[in-house]
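Peer 1: How does the following fold in three dimensions:
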Amino acid sequence: MRPPSRWAPLPVLLAATFLVVLDAFIVNVAMPSIQRELGAGTAALEWIVAGYGLASAVLLIPASRLGDRIGRRRVFSGGVALFTLSSAACGLAPSTGALVAARFGQGIAAALMTPNALSLIGAIYAGPDRARALSAYGTVMGVAAASGQLIGGALVQADVAGLGWRACFLVNLPVGVAALAAARRTVPESRRAGALSLDPVGTLLVTAGLTLVVLPLVEGRALAWPAWTVASLVLAPFVLGAFAVHQRRLARHGGAPLFDPQLLRRRTFGAGLAVQALLWCGQASFFLVFALYLQLGRGLDAMQSGLVFTVLAVAYVVASVKAQGLAHHGRRVITAGALTLAGGHAILLDAVLGGGALVTLVPGMVLVGGGMGLLIAPVATTVMAGVPAELAGSASGALSTVQNVGNAVGVGLVGALYFGALGGGAAHAFALSLAALAALLLAVAALARALPAVVASPR
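Peer 2: Here you go, the predicted structure:
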């Protein structure tokens, strides 16, 4: 039997990566259908999005370390298997509770897959081959994000075998099974000598702290803010503070904290984390409330809603390509991207309140997509530029974690605002959400002043 070519592992790793990113977006246009069929409340709709991001966020770094210790292919394959099973559970869910639980399962699986897929690419490929593999990795992530709404809309509208929204999850099954079967044959095992410990105490503390933040944000409005929601928000800083103390103590005693305290001694990195958090607070939340507005406020079906998102997706892809050549401008391109995105939200807000034809949304959508393209990659590039090589792994893990945390918290905050204002109509609720999102972007532009002005271009 011929040995697999050196490129045989890449399609397997990219297929899994595509599923992880796709499932962060594909569900948005299916929300009205899920609400109708399962009788889902507004909090459940938020959990369907936020639960995926929260579960992934708290386990990204431990999952990466687990792969280093017991084998990256083993953990990656376990993630693919769990993602496939969780997708089946989502597609067959008899109730909103079952669907939300299965989405948490998908988030856990995503945490197992994502960092280990990237680590495997780094271990398998070197030199120009690694650069090509990483370029393909980035392209697949972009395509999955850009096409998620359209694919979701097409699946819901096609209603294959009467599955409706369930097809958005069940479509993962053949891809997952194929990737799992191919991984054993094509992906070599890889470990890291001297792998870092998992820090279970730190993982437990940060999970508890973030849950104490997100849980009341999602549930509070629907329950009229009972006492436990307020107590949860008050307790959260103490638990997260205990996590910070534990991390510092672990570092002092030669342990391996999830978040290296040395990073926060670098002023630009602390500012970068704040920029990353605020930026991503507005990503998943925007796609959620925009999809709801298009169907509930404009009367579009799932397919039409997905097609509208292609305008934004094209602008995002074009701007992302341009941003590759602008990233060395550091905070300047980030400020420009934040202001462009905020301007897009403002123009969308004006069009929504004007109540004109659907085409009036296009200018704002182009700016929103363009602003995202100018922001997302340059933020990571700029923040990582000043991090020394020995802290690069911890820094990239922190950025990825904050990205997912931002998504979950943003869905809680903006979702509460949107659903709380829905009594005044979908247009009114979406307009308020856009105003809040624009304010977030202005804060990003202000914080960007603390980032490096120029980033050295790679040689």
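Peer 1: buried residues in the helix-or-strand element of the chain with minimal mean pLDDT?
Peer 2: Sorted by mean pLDDT, DSSP states H and E, the helices and strands of the chain end with helix 127-158, the least confident at a mean of 85. Of all the residues in helix 127-158, those buried under the rule 16 or more other CB atoms under 10 Å are 133, 136-137, 140-157. Placement of C-beta: from N, CA and C, glycine included.
Peer 1: In space, what's closest to residue 355 - neighbours in sequence excluded?
Peer 2: The shortest distance from residue 355 to any residue other than its chain neighbours is 6.7 Å, reached at residue 427 (CB to CB, 6 or more residues apart in numbering).
Peer 1: Tell me which helix or strand that neighbour sits in.
Peer 2: Here residue 427, judged by DSSP states H and E, is contained in helix 426-447.
Peer 1: ok, now how distant is the residue nearest the centre of the chain from residue 192?
Peer 2: Residue closest to the mean C-alpha point of the chain, counted by CA atoms, centre = their mean, is residue 404 at 4.9 Å. Per CB to CB, to the nearest Å, residue 404 is found 23 Å from residue 192.
Peer 1: didn't the residue nearest to residue 355 look like it was pressed against residue 352?
Peer 2: Yes: using CB atoms under 8 Å, residue 427 is in contact with residue 352, at 5.2 Å.
Peer 1: helices or strands up against the helix or strand encompassing residue 123?
Peer 2: Assigned by DSSP H and E, residue 123 belongs to helix 96-124. Judged by 3 or more CB pairs under 8 Å, 6 or more residues apart in numbering; DSSP states H and E, helix 96-124 is in contact with helix 9-25, helix 31-38, helix 42-70, helix 72-91, helix 127-158, helix 392-420.
Peer 1: Indicate which one of these is closest to residue 280.
Peer 2: helix 392-420 (3.1 Å; CB to CB).
Peer 1: if I look at residue 105, how far off is residue 40?
Peer 2: The gap separating residue 105 from residue 40 is 18 Å, by CB to CB.
Peer 1: show me the residues around residue 346 that make contact.
Peer 2: Applying CB atoms under 8 Å, 6 or more residues apart in numbering to residue 346 gives the contacts 364, 434, 438.
Peer 1: what residue ranges in the protein score low on pLDDT?
Peer 2: 1-4, 195, 327, 454-459 (pLDDT under 70).
Peer 1: what do you get if the cut-off is 50, keeping everything else the same?
Peer 2: For the chain, the stretches flagged by pLDDT under 50 are 1, 458-459.
Peer 1: gap between residue 372 and residue 325?
Peer 2: Taking CB to CB, one finds residue 372 at 17 Å from residue 325.
Peer 1: more crowded one of these two?
Peer 2: When neighbours are counted by other CB atoms under 10 Å, residue 372 comes out ahead of the other of residue 372 and residue 325, with 26 against 10.
Peer 1: and residue 320, what is it in contact with?
Peer 2: Here residue 320 is in contact with 142, 373, 376, 377 (CB under 8 Å, 6+ apart).
Peer 1: what sits against residue 59?
Peer 2: Counting by CB under 8 Å, 6+ apart, residue 59 touches 107, 108, 111, 112, 203.
Peer 1: ok, now with 10 Å
Peer 2: 66, 107-112, 115, 203, 206-207, 401, 404 (CB atoms under 10 Å, 6 or more residues apart in numbering).
Peer 1: Same question for residue 422.
Peer 2: Each residue near residue 422 by CB under 10 Å, 6+ apart is listed here: 42, 292, 296, 297, 428, 429, 430, 432.
Peer 1: Would you reformat these as TSV and include neighbour count?
Peer 2: As requested, the contacts of residue 422 are exported to TSV (neighbours: other CB atoms under 10 Å):
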residue	neighbour count
42	19
292	26
296	18
297	19
428	16
429	23
430	26
432	19
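Peer 1: So which of these is the closest to residue 266?
Peer 2: Taking CB to CB as the measure, residue 266 sits nearest to residue 432 out of the contacts of residue 422, at 36.7 Å.
Peer 1: any idea how far the closest one lies from residue 255?
Peer 2: Distance from residue 432 to residue 255, by CB to CB: 46 Å.
Peer 1: same question, residue 196
Peer 2: Taking CB to CB, one finds residue 196 at 9 Å from residue 255.
Peer 1: Between these two, which is the more surrounded one?
Peer 2: residue 196 (18 against 14).
Peer 1: In three-state terms, label that one for me.
Peer 2: Taken by DSSP: H, G, I helix; E, B strand; the rest coil, the conformation at residue 196 corresponds to coil.
Peer 1: what sits against the closest residue to it other than its chain neighbours?
Peer 2: Leaving out its chain neighbours, the residue that sits closest to residue 196 by CB to CB, 6+ apart is residue 256, at 3.8 Å. Under the criterion of CB under 10 Å, 6+ apart, the neighbours of residue 256 are 61, 65, 195, 196, 197, 198, 199, 202, 250, 394.
Peer 1: Need the residues you listed in TSV (columns: distance to residue 314).
Peer 2: Listed next are the contacts of residue 256 as TSV, based on distance: CB to CB, whole Å:
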residue	distance to residue 314
61	34
65	38
195	42
196	41
197	45
198	42
199	42
202	42
250	46
394	36
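Peer 1: What about those residues, which one has the most neighbours?
Peer 2: Most surrounded of those: other CB under 10 Å gives residue 61, at 28 neighbours.
Peer 1: Sweet, I'm off.
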